[in-house]
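Peer 1: Starting from these lines, generate the structure:
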Amino acid sequence: MNDSPWATEQVPAGPAYDALVGPHTRPMPIVPDAAGRDFDDREARDRGAAAVGGPPIRTEMPPQEPMPSPPPPPSQAPQDSSPPPQKKRAGRDLRAAIGVGVGLGAVIFASLLIVKAVFVGVIVVAVVVGLWELTSRLQEKKGIKAPLVPLAIGGAAMVIAGYVRGAEGAWVAMALTALAVLVWRMTEPPEDYLKDVTAGVFAAFYVPFLATFVAMLLTADDGPQRVLTFLALTVVSDTGAYAVGWRFGKTKLAPRISPGKTREGLFGAVAFSMGAGALCMEFLIDGGAWWQGLILGLAVAVSATLGDLGESMIKRDLGIKDMGTLLPGHGGIMDRLDSLLPTAPVVWLLLALFVGTG
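Peer 2: Model prediction:
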């Protein structure tokens, strides 16, 4: 048998075959080429098939390459889809933030200039509202029911006791507030008792107890100047961190806690706060010196940053951006107290060391 792929089946030739299928459809003989390989005369076979009106036994078409697609017109040319670079923008409404900040500053200055006791009332209001925001967010996001009533009453008493009796009065009021939280929570079912009272004691320490040091700053003869120094250094630290970080910030300070804070911003806070501290200690605080202001400014920048990070940690755990919406452009009261609360005892302690508590 012939193994050539082009071979056809051999059939006997003769008159009977010719009469049956016709003489022109008889298979063509296989002819060896010069190299000894068998091949069939395809051209002759095709001509024979065409003579009887039949199709050729096999035709081969040369492979055709695909036609190249025409280039797209200039109007359809691919364009760069990457968005244009965005300019840095502040995360809040600056107009509203500035307006609210000016309004709060006016209230603080007015209360300090009128009577010291009026400013103590401002502290009490801020503490009560801050406790309400904190306990509300804890219950909404975590199901923690820290009792607000004993916290609000104890917090107000804590601030007043600190103003009247100093640090001793503040500690006694803190202990009584914690006890009131434990007893108040007993009126409800025991489930989650430990979680609720722990959150209540934390809230009592975090908001009113730390705020008591602001009232204690006010008890000195130059109390209004000390409070203004405390507020000015904290605000200047936050402003320096924001301005330098927004303009030059590249290296993240604590990306897992607060992605917007940078190391460059921290350097800005330190520089601004140290400069403001030197000026305040030289011109506002009786018996103060400029070098003491440098130390005070450095401590304020560190404590304010840590306080801000601590508040951010709480809000990340709760899954919220702001503690409240009371202050347009700022969030809630607690969003403004975050850096003030931990800074108050630092300023009180350093001023007591530098110039005394009188």
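
Peer 1: can you map out the helices along the chain?
Peer 2: Secondary structure of the chain by DSSP state H: the helices cover 15-21, 42-51, 94-114, 116-142, 148-185, 193-204, 210-218, 223-248, 263-283, 290-318, 333-337, 340-355.

Peer 1: Could you name the helices and strands sitting against the third one?
Peer 2: Using 3 or more Cβ pairs under 8 Å, 6 or more residues apart in numbering; DSSP states H and E as the contact test, the elements touching helix 94-114 are helix 116-142, helix 223-248. Yep, even glycine has a C-beta here, placed from its N, CA and C like the rest.

Peer 1: hey, which of these is tucked in deepest?
Peer 2: Of all the helices and strands packed on helix 94-114, helix 223-248 carries the top mean neighbour count, a mean of 21, counting by mean count of other Cβ atoms under 10 Å.

Peer 1: List the buried residues of stretch 105-113.
Peer 2: Ile108, Ser111, Leu112 (16 or more other Cβ atoms under 10 Å).

Peer 1: Turn those residues into TSV, columns for distance to Gln139 and pLDDT.
Peer 2: Shown next, in TSV, are the buried residues of stretch 105-113 (distance: Cβ to Cβ, whole Å; pLDDT from 0 to 100):
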residue	distance to Gln139	pLDDT
Ile108	30	85
Ser111	32	84
Leu112	35	85
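
Peer 1: From those, pick the one nearest Thr198.
Peer 2: For the buried residues of stretch 105-113, the residue nearest Thr198 by Cβ to Cβ is Ile108; the value is 33.0 Å.

Peer 1: Would you check that that closest one makes contact with Val125?
Peer 2: No - the pair Ile108 / Val125 is not scored as a contact, 11.8 Å apart, by Cβ atoms under 8 Å.

Peer 1: and the buried residues of stretch 105-113 as CSV, adding distance to Ala211?
Peer 2: Shown next, in CSV, are these (distance: Cβ to Cβ, whole Å):
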residue, distance to Ala211
Ile108, 14
Ser111, 15
Leu112, 16
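
Peer 1: which stretches of the stretch 251-358 of the chain have low pLDDT?
Peer 2: Counting by pLDDT under 70, the ranges of the stretch 251-358 of the chain that qualify are 329-330.

Peer 1: please redo it, this time with the cut-off set to 90
Peer 2: 259-260, 324-332, 357-358 (pLDDT under 90).

Peer 1: Contacts only, for the residue nearest to the spatial centre of the chain.
Peer 2: By Cα atoms, centre = their mean, the chain has its centre lying nearest to Pro259, at 5.1 Å. Contacts for Pro259 (Cβ atoms under 8 Å, 6 or more residues apart in numbering) come out as Lys252.

Peer 1: Mean pLDDT and distance to Ala344 added to the helices and strands packed on helix 94-114, as JSON lines?
Peer 2: Shown next, in JSON lines, are the helices and strands packed on helix 94-114 (pLDDT from 0 to 100; distance: least, Cβ to Cβ, whole Å):
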{"stretch": "helix 116-142", "mean pLDDT": "95", "distance to Ala344": "10"}
{"stretch": "helix 223-248", "mean pLDDT": "94", "distance to Ala344": "7"}
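
Peer 1: Mind putting those helices into JSON lines with distance to Leu351?
Peer 2: Listed next are the helices and strands packed on helix 94-114 as JSON lines, based on distance: least, Cβ to Cβ, whole Å:
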{"stretch": "helix 116-142", "distance to Leu351": "16"}
{"stretch": "helix 223-248", "distance to Leu351": "6"}
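
Peer 1: Could you work out which of these reaches nearest to Ala278?
Peer 2: Among the helices and strands packed on helix 94-114, helix 223-248 sits nearest to Ala278 (Cβ to Cβ), with 10.5 Å.

Peer 1: ok, now how distant is the residue lying closest to Gln225 once chain neighbours are set aside from Leu182?
Peer 2: Distances taken as Cβ to Cβ, 6 or more residues apart in numbering put Leu284 closest to Gln225, at 4.4 Å, once the chain neighbours are dropped. Separation of Leu284 from Leu182 (Cβ to Cβ, to the nearest Å) stands at 42 Å.
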